[in-house]
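J.: Give the three-dimensional model of this entry:
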Amino acid sequence: MSPVQTAVTAVLTQKFEVSPESIRPEATLESLDLDSLALAELALALQEELGVPVAEEEAARHSTVGELVATLNAKRA
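T.: Next up is the predicted model:
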């Protein structure tokens with residue numbers, strides 16, 4: 001698991017109480033029951049955790065966990 005994927009999983013499980021079993025690359029953030037406020041909080045938490053800017057649009061409801069991880073991996077490269 002990449003450092004970004006580990007960070008995304010940690011934030012989702014600890015801050016949003018998402019079960020680790022539901023955090024799959026194809027899972028949408030909407031399917032994880034994250035509303036618009038939670039998505040804004042997720043973007044901020046990931047920005048703090050990873051040290052890269054994360055726009056709220058990058059953590060959109062239709063985005064999958066895999067897409068979010070790929071976007072953040074590219075920003076860290």
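
J.: so after the host helix or strand of Q47, what's the next helix or strand?
T.: For Q47, the host element (DSSP states H and E) is helix 36-50. Going down the chain from helix 36-50, the next helix or strand is helix 65-76, by DSSP H and E.

J.: ok, and for that following helix, which residues are buried?
T.: Neighbour counts over helix 65-76 (16 or more other C-beta atoms under 10 Å) mark V65, E67, L68, V69, T71, L72 as buried. The C-beta positions use only the backbone N, C-alpha and C, and glycine is treated the same way.

J.: ok, now stretch 41-50?
T.: Neighbour-count burial for stretch 41-50 [16+ other C-beta under 10 Å]: E41, L42, A43, A45, L46, Q47, E49, L50.

J.: Tell me the one of the residues you listed nearest R61?
T.: L42 (10.8 Å; C-beta to C-beta).

J.: Identify the residue nearest that closest one in space, chain neighbours excluded?
T.: Distances taken as C-beta to C-beta, 6 or more residues apart in numbering place A59 nearest to L42, at 5.0 Å, with adjacent residues excluded.

J.: How about the contacts made by that neighbour?
T.: Under the criterion of C-beta atoms under 8 Å, 6 or more residues apart in numbering, the neighbours of A59 are L29, L39, A40, L42, A43, L46, L68.

J.: In those, find the pair that's most separated.
T.: Longest span within these, C-beta to C-beta: A40 and L68, 14.0 Å.

J.: what sits against T9?
T.: If you count contacts by C-beta under 8 Å, 6+ apart, T9 has them with M1, P20, I23.

J.: Which strand or helix spans the nearest residue to the second one once chain neighbours are set aside?
T.: It stands for P20. Of all residues not flanking P20 in the chain, T13 sits nearest, at 5.5 Å (C-beta to C-beta, 6+ apart). Assigned by DSSP H and E, T13 falls within helix 3-15.
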